[in-house]
Structures are given as C-alpha cells and as structure tokens.
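Enquirer: Show me the folded form of this:
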Amino acid sequence: MLDRMLTIEVARATEAAAIAAARHRGLGDERAAHEAAIAVMAQAFDALAISGEVVVGEGEEGQVPALWLGQALGAGGQEVDIACTVIEGLTQVVKDLPEALSVAAIAERGALMKAPRVYMEKIAIGPGYPDGLVDLDAPVAENLSRLAEAKGVRVADITACVLDRPRHAALIGEIRAAGARLRLISDGDIAGIIHTTDPVETGIDIYLGTGGAPQGVLAAAALACIGGQMQGRLVARSDDHARAIARAGIDDPRAKLSIAEMVRGDVIFAATGITGGSLLSRVRFHNGQVRTHTLSMRSRTHTIRESKVFRRVAGNGELLNSIFS
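Expert: Numbering: from 1, shown residues only. Below is the predicted model of the structure:
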C-alpha cells in the first residue's frame, strides 16, 4: 500500500512542472518548455523518500535530459513505479491554447504497464455501465448503439470525443454516419478520457481514437481511481515502434488491454492545468503570486481532491516557499 502522503507529493510534482511550463506559454519554443518541465518534475520525484523507476516517461535514455524509461528516482524508500507526461499538449503551451496539462502517477512496483512511446488505439466510457459494454473490435456504430441503449437515449444524443487528426478521418465519418454528435479536440486525450466520467458536466459520453501509449496508461490510472471502462491496443507504425514495444517486454503487441492490465493495485494520479480548459484552470501569475489548479486521485480509496494552491514568488519569478518542501 502506498504512503498516503504521496497523494500530496505527486500533486506537487505536477504543479512544479505546470508552473515551469507556464513560464513558456506563447513563446513558441517547444524544446525550452519541455526541458524546463522535465527538470522540475524529475527534481520533485528525486527528492521523495521512494525508490522509483520511470515506467512511463518522456523518452529513452540519451533522448531526454531526465524522466527516461527505466530511470531511477528518489532518495530511497518504498519501491514504486512512476508514470508521467510533463506536458500533455506541448504545442498548446507554446501557442497558449487551451487544454495543456501536466500529469503524473505513482503505483506500487510492477503495477503500471511499461509504455513505449508508440501509438495506442483507445475506447473509453465512464462508470455505471455493465462490464464490456463497448469493445475496440466492435464496429463504431455498434458501440454507439450499445452505449445509447444503456443510457436510455438515442444515438443522436451521444457525443463522442476524438482527437482532430487526419488519421481519424474514417472514424469521424463512421461516428457521423451513425448519427452521433462529435467533439473534436486538438490535443489532450487524457483529459478527453477523464471527461467521459462526468458526461452531465462535460457533455462527452465516449472517447474513441488513436493517441499516445504513455497517455493511455496515464488515462487508465485516472479511470482506476475515478471509475469507468477503457480498452487499449498498441500500434506499431514503424520498425522503431516495433523495437520499442519489444524493449518494453510486451509479448503480444496486438492484445487488447483493459484498465486492469495497464494499472494494478494502489495508484495515485494527479493532473495540473497549464493553459486552462474544461478540466482545469490555467496557471496564473499575479501580484507576486502563482496559482495552480490540480486534481488528485487515489484508486484504493476512490477519493478525488480538487485543489487551488497559491504561492508567493520573488521578483525574479522564483518560488519563495519551495514547492518541494
């Protein structure tokens, strides 16, 4: 079982990364924003009383300055898996567009799937439905019909969330042909999947499409805490992808993956808004203060905490009270 204080510490790590990324909003330099967020999140995890291994990270050793797959972090203590996407929506940050987040999770050692940086097909719905209601292998129209029947509404009342990418042209056509509504998002499929858990508030009933595998595991971690159903399947679009999947020790890359196969046991998840959006507010700098907005979740207790934190900053923009203290 994870130390309950890690719920606060994981949130501090995403807050630190979100603040670092927010200082680069609208400046057009993706590399600078990415490296700044990586540095502070790695520092946050390395200061904790854990023996952590990065199993979902920012790349492979030599490709990124820190948070590479397999990196050991922590000052010593409980053995844990670390998963992170320091900036989900990097382009959104440098263009100062909505929906960019900093996301991380911690679980007991061996509990999180080691996710190579390849694509993953995904389908997700919120809690309260019979198990197996939707399936990656079922036709889109059938999944939409099943969900509509379970909700007691028409297919025309169902809204599907899909990343706005050329690769989804056929999927978009199938959703529209079935008569469902469509919410296209420019980035942020972790947030898109989380939105399915509260369709009354968000208007999103189902998530469909292909996005990043690391983001898929992090979304599964969130659903393990908050409830819902999700299936994923890795997609190798190149020889490099196939080699990355093999290095991750995945025997059957075409297997359908449930939440339980991506996330097991006790897991803590946190997400902090960077540019703001429908899920979380943006980092705000004003009158010598910085304000963050974070969601924290834990699967063992099924608790969800929403926090808005204010910190003072000095004239040079540095935090006066350490975010890691």
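Enquirer: Could you list the domains of the protein?
Expert: Following automatic domain parsing, one gets these domains for the chain: 6-112+267-312, 119-262.
Enquirer: from those domains, which stretch is densest packed?
Expert: Highest mean neighbour count among the domains of the chain (mean count of other Cβ atoms under 10 Å): domain 6-112+267-312, with a mean of 21. C-beta coordinates here come from the backbone N, C-alpha and C atoms, glycine included.
Enquirer: and the end-to-end length of that one?
Expert: Taking Cα to Cα, to the nearest Å as the measure, domain 6-112+267-312 stretches 23 Å from start to finish.
Enquirer: per-residue confidence averaged over that domain?
Expert: Here domain 6-112+267-312 scores 95 as its mean pLDDT.
Enquirer: can you give me the offset of it from its chain's centre?
Expert: Taking Cα atoms, centre = their mean, to the nearest Å, the mean C-alpha location of domain 6-112+267-312 is offset from the chain mean by 10 Å.
Enquirer: and if you look at stretch 3-16?
Expert: Relative to the centre of its chain, stretch 3-16 is centred 15 Å away, using Cα atoms, centre = their mean.
Enquirer: Point out the other elements, helices or strands, that the helix or strand harbouring residue 38 touches.
Expert: Using DSSP states H and E, residue 38 maps to helix 30-46. Helices and strands touching helix 30-46, by 3 or more Cβ pairs under 8 Å, 6 or more residues apart in numbering; DSSP states H and E, are helix 6-22, strand 72-73, strand 78-88, helix 90-94, strand 101-108.
Enquirer: Would you map the strands across the protein?
Expert: For the chain, applying DSSP state E gives strands covering 50-56, 72-73, 78-88, 101-108, 119-125, 159-163, 181-185, 206-212, 229-235, 257-258, 267-273, 284-286, 289-298, 303-312.
Enquirer: Save those strands as JSON lines, and put in distance to residue 29 too.
Expert: As requested, the strands of the chain are exported to JSON lines (distance: least, Cβ to Cβ, whole Å):
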{"stretch": "strand 50-56", "distance to residue 29": "24"}
{"stretch": "strand 72-73", "distance to residue 29": "26"}
{"stretch": "strand 78-88", "distance to residue 29": "12"}
{"stretch": "strand 101-108", "distance to residue 29": "17"}
{"stretch": "strand 119-125", "distance to residue 29": "26"}
{"stretch": "strand 159-163", "distance to residue 29": "24"}
{"stretch": "strand 181-185", "distance to residue 29": "24"}
{"stretch": "strand 206-212", "distance to residue 29": "21"}
{"stretch": "strand 229-235", "distance to residue 29": "30"}
{"stretch": "strand 257-258", "distance to residue 29": "35"}
{"stretch": "strand 267-273", "distance to residue 29": "20"}
{"stretch": "strand 284-286", "distance to residue 29": "18"}
{"stretch": "strand 289-298", "distance to residue 29": "20"}
{"stretch": "strand 303-312", "distance to residue 29": "24"}
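Enquirer: mind checking which of those is nearest residue 41?
Expert: Nearest to residue 41, of all the strands of the chain, is strand 78-88, at 5.1 Å by Cβ to Cβ.
Enquirer: Quick one: list the elements packing against the closest one.
Expert: Applying 3+ Cβ pairs under 8 Å, 6+ apart, we find strand 78-88 packed against helix 6-22, helix 30-46, strand 50-56, strand 101-108, helix 189-195, helix 213-226.
Enquirer: any chance of the ones you listed in a markdown table, plus distance to residue 286?
Expert: Putting the helices and strands packed on strand 78-88 into a markdown table (distance: least, Cβ to Cβ, whole Å) gives the following:
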| stretch | distance to residue 286 |
| --- | --- |
| helix 6-22 | 12 |
| helix 30-46 | 20 |
| strand 50-56 | 33 |
| strand 101-108 | 20 |
| helix 189-195 | 24 |
| helix 213-226 | 29 |
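Enquirer: How about the contacts made by residue 251?
Expert: Shown in contact with residue 251 (Cβ atoms under 8 Å, 6 or more residues apart in numbering): no residues.
Enquirer: quick one: pLDDT of it?
Expert: For residue 251, the predicted pLDDT is 76.
Enquirer: what does residue 325 give?
Expert: pLDDT at residue 325 comes out at 38.
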